[in-house]
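*Asks:* here's a sequence, model it:
(chains A and B)
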Amino acid sequence: MSDHHHKETFVTKYIFSQDHKMISKQYLITGIIMGIIGVFMSMLFRLQIGFPEKSFGIIEAFLGRSGEGGVMTPDMYLSLVTIHGTIMVFFVLTAGLSGTFSNLLIPLQIGARDMASGFLNMVSYWLFFISSIIMVISLFVETGPAAAGWTIYPPLSALPELIPGSGLGMTLWLVSMAIFIASSLLGALNYIVTVLNLRTIGMKMTRLPLTIWAFFVTAIIGVVSFPVLLSAALLLIFDRSFGTSFYLSDIYVAGEVLHYKGGSPILFEHLFWFLGHPEVYIVILPAMGIVSEILATNSRKPIFGYRAMIMSIIAIAFLSTIVWGHHMFVTGMNPFLGSVFTFTTLLIAIPSAVKAFNWVTTIWRGNIQMSPATLFSIGFVSTFVTGGLTGIVLGDSALDINVHDTYFVVAHFHLVMGISAIFGMFAGVYHWFPKMYGKMMNKDLGFLHFWVTIIAAYGVFFPMHFVGLAGLPRRYYNNTAFPIFDDLLQINEVMTIFAIIGGLAQIIFLSNFFFSIYKGKKAPQNPWKANSLEWTTPVEHIHGNWPGEIPAVHRWPYDYSKTDENGDLWGGQDFTPQIVPIREGEEEF
Amino acid sequence: MKALFYIIIFVVLMVACWQFVKLLGLTKKDDQTTTDKENNINGWLLLGLMAFIYGLMIWSLYGTREVLLPQLSASEEGYHIDILFKITMTLILIVQFIMQFLIFWFSFKFRGNTKKRAFFFADSHKLEIWWTVIPAIVLFVIIGYGLWTWNQVMDSSDAENPLVIELYAKQYQWEARYAGEDGTLGNGNVRFIEGANTMGVDMSDKNSADDIPLTADPVSFVKELHLPKGRKVIFKLRAQESLHSAYMPHFRAQINCVPGMVTQMAFTPSVTTAEMRQNDDIIKKYAGINKIREAKGEEAVEFDYLLLCNKVCGSGHYNMQLKIVVDEEADFNKWLATQKTFAESNL
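*Replies:* Residues are numbered from 1 along each chain as shown, chains lettered A, B, ... in the order given. Below you'll find the model as predicted:
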C-alpha cells in the first residue's frame, strides 16, 4: 500500500477517482443537485394544491406546454409527484445520503486506506451518475416523464394508452432505475467487504462507531432487497415491450381488449414493496447512525446503550424485510396474511422506541454543544418520534383501511423518513464538512438554516395528518372537484406557504455549502473534539488516509467525559480518542 | 427563457446570502466550537420550538375539528374501527407529548457551558429492560385489539341475506350492478364488453338476467348508488384497465379494484343519508363549506355519501366519484323495484 504517492492528473483526481473521499464528494454534489430538482418540483405542485384556481408565471416558465397560462395539467402534476418521490427516495436519500457518508466514513472510521475495491467504488458512482442523467433526460421527453406514482404500479405504468407518461418517460425511468440498482449493489457489496475485512488493529466489531454499524447493516438490507426491485422492473419491461403478461390481465382500453391474460398487478406490488419497505430503512438507518454519533460527540457523553443500539439496528433491519405487506392491506389480500403483517409491522415500534429513548438519555445530563449538526440531530429525533408514532395507526390493518393512501400517509412518511433522513443528512454534512473539504461551514448560516427548516417542516407536515383524516386522497391534482373537501383549501394554503418557505430556506444551505468550500475558514484537525479515527487523519486529503502506519485502536469511540476514581476527567480533557491506549487503572467500557 | 431568469434569481439569492453574513462581520468569530452564548440562544430557541410544536398540535387538533369526517361512522363495522382509532390516537398523543417534552427540555436544560461537565452514563440494563418491556406490552395490547377488529371488519361469512353489489371501476367513472333476486352476480370479464354492455357482463350466464345495472336518474341525470340501512352489503369489485380503489370514507371502507381479479369488501350501513344530514358534525362542516362556497359565488351543497377513487389511475383520477344514498330498507326496496334488470332492458 505504499505506492500511493504517484502524480495524479485532473481526470484521475477529480473525475475517475478511485479515492473514497473524492467519490463521497461526488456522491454528495450529485445528490445535492438532484435534491434541488426534487425539492423544486415539490414547490411547484404544492402551488397547485394550495392555490388551484390561481396561475403562476413560474409554473409556465418551467413546465412550458404543460403549464400553459400558469396552471399545470393533471398529467404534469402526476409526473411531478412521481419524479419528486423517485428523486428524493433514491437519488437523494439513498445515493446522496448513504453513498456520501458510507464512502467517506467507512474507511476513515474503521482505519482503512480505502475501500476494498476502489475500482468498483468508482464504477458504482459513475453508474449512479449515468442513472441520474437518464432520469433528468426523462423530464424533457415529449410525452412527459413517468407519471404512475413513484411506486409505478402497473397497469398504469405499463400502458401508455392510460397515461402519456407511461410512454418513453416510463422507459427511461426503468432504465435509469436498473442502472441505479446496479450502482447501489456495487456500493453495498464494497461497504460490507470493507467493514468485515479492513478494520485496523484493535477495531473489534464492538468498537465500531454506530455510524459504521448503520452503514454496514444498511448495505446488507440493500443487497437483500434491491435485486428484487430489479427483477420487478425487468418483468415490467418485458410486459411493456415484449408482450408478456406477468402483471397484466383482462384489460380493455380504447375500445379493444388487449391480449394480456393471467398476470396480476398484485405480484408487482409484492415485488416492489419487498424492496420498497426495506428501502425506507435503507434511507433512515444511516441517518440514525449519523445522529447517534453526533449526539454523543456534541453532548460530550457516551451514546447511551451502545449494545442496545446495535441490537435495535439489527432487529429493525431483520423486521424490515418481513413487513412489506402493510403497504397492501387494502389490495384484497387474505385477511390472515394481513394479520401477520400487522403483527410484524407493529413489532418494529419496539426497537424504534428503544432507539428514541436511548437518544433522549444520551442528551440527558450532557453538556450539549449546539452546533448546527447537533440542532439537526435533535430535530431528527423530534421528527422521527412525531412521524413514527402515526406508524402505529398505519401499521394496524384495521385502522389502515380508512387512512390508506390519504394525506395521513403522506404526512407520516414525510416526517418519519423524509424530513428525518434529510435532517440526518444535513447533520452529517455540517459535522463532517471539515473532513471533506478541510474548511469550516459558517455557523450562523447553519443556525438560520436549521431554524427556518424545522419550523417549515412541521408547518407543512403536521397539519397534513388532519387533511388525511378528513379523507383527502393523495395524488389528487385538484381538491375542488368534491364539495366535501372545499373547507380543506385553507389548510392546504397554509401548508403550501410553509413548503415554499422551507424550500427557499435551502438556498441558505446551498450558499453556505458552496461558498465554504472556497471561502470557509481552514478547519483544525479535530474541530468537534471527537474520539473516532477519522479525526486523526491530516486535514489535507492524502491517498491512503494516514501518512504513516494506520493507528491501532484501543477502546470504543464513546469515551466522552470519562472520569477516574477521584472523579477527575481522564487526561484532563472531556474526550479520549480511540487511539489512546487503556490507561493504568482504567476500566474499558 | 423565463426559466433562466428564475435560475439567475436563485443564484443571486445564494450569493446575497453569503455576502450578507460577511457584511455583518459575523464570520469573524471563532468557527470551531460553539460558544456559551450560542448554546444559550439555541437552547432557549429549542424551548421555543417545543412551544411551537405544542401550539401547532393544539391548533391542528382544535382548528380542524370541523373539517374532519364526522365522528359517527356510517357503518356498523366502522364503529369498531373508530374505537380502536380513538384508543390508538389518545395513546400516540400522550407519548408524543411526553417524548417531545423530554427531547426539548433536556436539550435546553443541558445546553453546553464551558464551566459544566457531562455525566458519564453509558449503560443501564434496568432502564433498557423497562423501556423495551413497557412498549412491548402496550403494543401487544394494541396488536391484539387491532387484530380482533380486523377480523370483525373483514369477516362477512355469517351475513344473512346480504345484498350483493358489483362496483366496476374504469377511467374515470364508477359503474355498478345489483345481484338481483337470486343474490348472485353473473360472471363478468372485459372480453364481453360490447355496445351497451359496458361492464362486460356474460349474458349467457344464467345469473346475469336478473342483475340490475345502475343507471342515471332520469330526472337529475345523476347516478346514485342506493344502499339499505341495516342490511349487510357485500361489494365485489372489478376494474377495466387500471388499478383503482373504492374508498368510502364515511363508512370506513376501502378496497382496491384490480384488473383481472375480483376483490371483495363488506359492511352494514347504519345511518341513512337523511339521518346523517341531521348529525351535528355534518351540519357544522357543511355550514363551513357553504360559507366558503358562497364567498366564491358557488351554489350551496348538501351532504351526501361519496365513493371516490383512491389509487392513482390517470389524469382524471382526482374527479372519479359516485354519489351514495343510504335509505331505510323499505325505501331502498321501493327504489330497487323501479330499476330495470338486464332482461328487462333487453341487453
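*Asks:* and the nearest residue to A:Gln573 once chain neighbours are set aside, what element?
*Replies:* Excluding the flanking residues, the one nearest A:Gln573 by Cβ to Cβ, 6 or more residues apart in numbering or on different chains is A:Lys529, at 7.5 Å. Using the backbone N, CA and C atoms, a C-beta is placed for each residue, glycine as well. For A:Lys529, there is no host helix or strand (DSSP states H and E).
*Asks:* neighbours around residue 44, how many?
*Replies:* Just going to use chain A. Other residues near A:Leu44 come to 20 when the count uses other Cβ atoms under 10 Å in any protein chain shown.
*Asks:* hmm, no, I was thinking of chain B.
*Replies:* 12.
*Asks:* quick one: the strands in the stretch 101-250 of chain B, in order.
*Replies:* Remark: strands assigned in the stretch 101-250 of chain B by DSSP state E, counting those that start in this stretch are B:163-170, B:173-178, B:212-213, B:224-228, B:233-239, B:244-248.
*Asks:* what helices or strands is the longest one leaning on?
*Replies:* Just to be clear, that refers to strand B:163-170. strand B:173-178, strand B:224-228, strand B:233-239, strand B:244-248, strand B:253-257 (3 or more Cβ pairs under 8 Å, 6 or more residues apart in numbering or on different chains; DSSP states H and E).
*Asks:* any idea of the angle the second one forms with strand B:173-178?
*Replies:* If I follow you right, that is strand B:224-228. 40 degrees (axes from the mean of the first three to the mean of the last three Cα atoms, to 10 degrees).
*Asks:* surely A:Ala317 meets A:Tyr281?
*Replies:* Yes. Counting by Cβ atoms under 8 Å, A:Tyr281 is a contact partner of A:Ala317 at 6.4 Å.
*Asks:* can you pick out the residue with more neighbours from these two?
*Replies:* When A:Ala317 is set against A:Tyr281 and neighbours are counted by other Cβ under 10 Å, the residue ahead is A:Tyr281, at 25 against 21.
*Asks:* so how far is the one helix or strand the more buried one maps to off the chain centroid?
*Replies:* In this structure, A:Tyr281 sits in helix A:265-299 according to DSSP H and E. What separates the centre of helix A:265-299 from the centre of its chain is 7 Å, taken as Cα atoms, centre = their mean, to the nearest Å.
*Asks:* again with stretch A:215-233
*Replies:* Averaging C-alpha coordinates over stretch A:215-233 and over its chain gives two centres that are 14 Å apart (Cα atoms, centre = their mean).
*Asks:* can you list contacts of it?
*Replies:* Residues from elsewhere that reach stretch A:215-233 (Cβ atoms under 8 Å, 6 or more residues apart in numbering or on different chains): A:98, A:101-102, A:105-106, A:174, A:177-178, A:181-182, A:184-185, A:187-189, A:191-192, A:195, A:208, A:268, A:271-272, A:274-276, A:278-279, A:281-282, A:285-286, A:289, A:313-314, A:317, A:320-321.
*Asks:* can I get it in PDB? Just the C-alpha atoms.
*Replies:* The C-alpha atoms that make up stretch A:215-233 are tabulated as PDB, following Å, rounded to 0.1, in the frame of the first residue of the first chain:
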ATOM      1  CA  PHE A 215     -23.900   1.700   7.100                       C
ATOM      2  CA  PHE A 216     -23.000  -1.900   7.400                       C
ATOM      3  CA  VAL A 217     -26.500  -3.200   8.100                       C
ATOM      4  CA  THR A 218     -27.900  -0.800   5.500                       C
ATOM      5  CA  ALA A 219     -25.700  -2.300   2.900                       C
ATOM      6  CA  ILE A 220     -26.800  -5.800   3.900                       C
ATOM      7  CA  ILE A 221     -30.500  -4.800   3.500                       C
ATOM      8  CA  GLY A 222     -29.700  -3.200   0.200                       C
ATOM      9  CA  VAL A 223     -28.100  -6.400  -1.100                       C
ATOM     10  CA  VAL A 224     -31.000  -8.400   0.000                       C
ATOM     11  CA  SER A 225     -33.800  -6.200  -1.400                       C
ATOM     12  CA  PHE A 226     -32.600  -4.200  -4.400                       C
ATOM     13  CA  PRO A 227     -32.200  -7.200  -6.700                       C
ATOM     14  CA  VAL A 228     -35.900  -7.900  -6.100                       C
ATOM     15  CA  LEU A 229     -36.800  -4.500  -7.400                       C
ATOM     16  CA  LEU A 230     -34.500  -5.100 -10.400                       C
ATOM     17  CA  SER A 231     -36.400  -8.300 -11.200                       C
ATOM     18  CA  ALA A 232     -39.700  -6.500 -10.800                       C
ATOM     19  CA  ALA A 233     -38.500  -3.800 -13.200                       C
END
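*Asks:* ranking the strands of the stretch 101-250 of chain B by burial, who's on top?
*Replies:* strand B:244-248 (a mean of 26; mean count of other Cβ atoms under 10 Å in any protein chain shown).
*Asks:* just checking, what packs against it?
*Replies:* Counting contacts by 3+ Cβ pairs under 8 Å, 6+ apart, strand B:244-248 is packed against strand B:163-170, strand B:253-257, strand B:305-309.
*Asks:* dump the ones you listed into CSV; add mean pLDDT as well.
*Replies:* Supplementary listing: the helices and strands packed on strand B:244-248 in CSV, determined by pLDDT from 0 to 100:
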stretch, mean pLDDT
strand B:163-170, 95
strand B:253-257, 96
strand B:305-309, 95
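*Asks:* right, and the ones you listed - which one's nearest B:Phe110?
*Replies:* Taking Cβ to Cβ as the measure, these were each checked against B:Phe110, and strand B:253-257 came out nearest at 46.0 Å.
*Asks:* residue closest to the middle of the chain?
*Replies:* In the absence of a named chain, this looks at chain A. The residue lying closest to the centre of chain A (Cα atoms, centre = their mean) is A:Leu93, at 2.4 Å.
*Asks:* let's do chain B instead
*Replies:* Central residue of chain B (Cα atoms, centre = their mean): B:Pro249, at 6.4 Å.
*Asks:* who in the stretch 201-350 of chain A is up against chain B?
*Replies:* With the criterion set to Cβ under 8 Å from any Cβ of the partner chain, the stretch 201-350 of chain A comes near chain B through A:248-253, A:257, A:261-266, A:298-308, A:330-332, A:335, A:338-339, A:342-343, A:346-347, A:349-350.
*Asks:* need the buried ones from those residues selected in ChimeraX.
*Replies:* A single ChimeraX command selects the buried members of those (16 or more other Cβ atoms under 10 Å in any protein chain shown):
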select /A:248,249,250,251,252,253,257,263,264,265,266,298,299,300,301,302,303,304,305,306,308,330,331,332,338,339,342,343,346,347,349,350
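*Asks:* just give me the neighbour total for residue 326.
*Replies:* Defaulting to chain A. A count of neighbours around A:His326, defined by other Cβ under 10 Å, yields 22.
*Asks:* that answer is for a different chain, and I need it for chain B
*Replies:* A total of 27 residues lie near B:Val326 under the criterion other Cβ under 10 Å.
*Asks:* could you do B:Tyr145 as well?
*Replies:* Summarising burial for B:Tyr145: neighbours were counted as other Cβ under 10 Å, giving 17.
*Asks:* that one contacts B:Ile87, doesn't it?
*Replies:* Yes. The pair B:Tyr145 and B:Ile87 qualifies as a contact (Cβ under 8 Å) at a distance of 7.3 Å.
*Asks:* which residues touch B:Phe192?
*Replies:* B:Phe192 touches B:Gly200, B:Val201, B:Asp202, B:Met203, counting by Cβ under 8 Å, 6+ apart.
*Asks:* quick one: pLDDT of it?
*Replies:* In this prediction, B:Phe192 carries a pLDDT score of 93.
*Asks:* where does the prediction get shaky in the stretch 451-589 of chain A?
*Replies:* Along the stretch 451-589 of chain A, no part satisfies pLDDT under 70.
*Asks:* and the residue of chain A found nearest chain B, what pLDDT?
*Replies:* Ranked by Cβ to the nearest Cβ, the top residue of chain A for proximity to chain B is A:Ser249, at 2.9 Å. As predicted, A:Ser249 sits at a pLDDT of 93.
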